[in-house]
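# predicted model and sequence below, questions to follow.
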Amino acid sequence: MLTEQAEKTETHIKIYTEFIKLDSALKYAGIALTGSDAKIIINRGEVMVNGEVCVQRGKKVYPGDKLGFQGTEFKVQS
């Protein structure tokens, strides 16, 4: 019996500050073009932060945190 495993890709988001807000991180990563796009994506529960669905647009994301969106993982680095 063969099992299919979904491949996850990991991309790095480099920040130069102590933290970045989730909506800004989505724009920086190219997931959302505008703040209103980011708000919609977050409110729909489509974004995960460290493995948990996050609906807080202003959540502070720090280096070492991982964001997930549509099978892609984004690791925040300083």
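Everything's here; your move.

# give me the low-pLDDT residue ranges for the protein?
Low-confidence segments of the chain (pLDDT under 70): 1-8.

# which SS class is the residue nearest to Leu67 when sequence neighbours are not counted?
Leaving aside its chain neighbours, Leu67 sits nearest to Phe74 (4.3 Å; criterion: C-beta to C-beta, 6 or more residues apart in numbering). Every C-beta, even on glycine, is put in place using the N, C-alpha and C of the backbone. Using DSSP: H, G, I helix; E, B strand; the rest coil, the structure places Phe74 in strand.

# wait, Phe74 sits on Thr9?
No - using C-beta atoms under 8 Å, Phe74 is not in contact with Thr9; the gap is 9.6 Å.

# surely Thr11 and Ile31 touch.
No - using C-beta under 8 Å, Thr11 is not in contact with Ile31, being 10.0 Å away.
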